[in-house]
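Novice: following is a predicted model, sequence given first.
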Amino acid sequence: MRITTAQRHDDFEINVISLIDVLLTLLMFFVLTTTFVQQTHMKVSLPTSSATPSAPSADALVIVIDRAGRYAIGNTPVQGDGERALQQAIVGAVGSDRTRSVILRADAESPNQSVVTAMDALGRLGFTHLALATTPRQGAH
């Protein structure tokens, strides 16, 4: 006859199902929220008011937009209309140098769409430094 003691050996068990549910919920939350973050790729230097205008960089690309919404790179008019023609003219002017700063000079009465189209063309080509040129108001000192 075998004599046994009255001790019971219970198996210790950890239920991790609820922990897995919480971790999967957190994982789905982080995956879904990170897909909605949009990074801006173009840095825009907003104009400031000053008594003395700053001189533009000598190697900066200057894009001019007139009242009718036509583009010019420096003093050379862009042949054609739209973003595609502007992109081709920019690539022809600067080649593969995308670190060059760009000065956008738009007439005060130029259409907003022309300015946005120029900014979009620059962004798609990979330019990161954009300055909007302004002129001082008459009589403002």
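Specialist: In hand now; what should we look at? Residues are numbered from 1 along each chain as shown.
Novice: for the protein, what spans make up the strands?
Specialist: 43-45, 61-65, 71-73, 76-77, 102-106, 129-132 (DSSP state E).
Novice: quick one, helices of this structure?
Specialist: For the chain, the helices defined by DSSP state H cover 17-34, 82-94, 112-125.
Novice: returning to that earlier point: out of the strands of the chain, nearest to Phe29?
Specialist: When these are compared by CB to CB, strand 43-45 sits nearest Phe29, at 30.9 Å. Glycine gets a C-beta too; all of them are placed from N, C-alpha and C.
Novice: least reliable of the strands of the chain by average pLDDT, please.
Specialist: Mean pLDDT is lowest for strand 43-45 out of the strands of the chain, coming in at a mean of 50.
Novice: before we move on, the earlier item: deepest of the strands of the chain, which one?
Specialist: Most buried of the strands of the chain, by mean neighbour count (mean count of other CB atoms under 10 Å): strand 61-65, with a mean of 21.
Novice: partners of that strand, with directions?
Specialist: Strand 61-65 has the following strand partners under DSSP bridges: strand 71-73 (antiparallel), strand 102-106 (parallel).
Novice: give me the contacts around the longest one.
Specialist: Just to be clear, that refers to strand 102-106. 56, 60-65, 114-115, 118-119, 122, 127, 129-133 (CB atoms under 8 Å, 6 or more residues apart in numbering).
Novice: how close does the nearest residue to Val115 once chain neighbours are set aside sit to Gln88?
Specialist: Of all residues not flanking Val115 in the chain, Ala106 sits nearest, at 4.9 Å (CB to CB, 6 or more residues apart in numbering). To Gln88, Ala106 is 20 Å away according to CB to CB, to the nearest Å.
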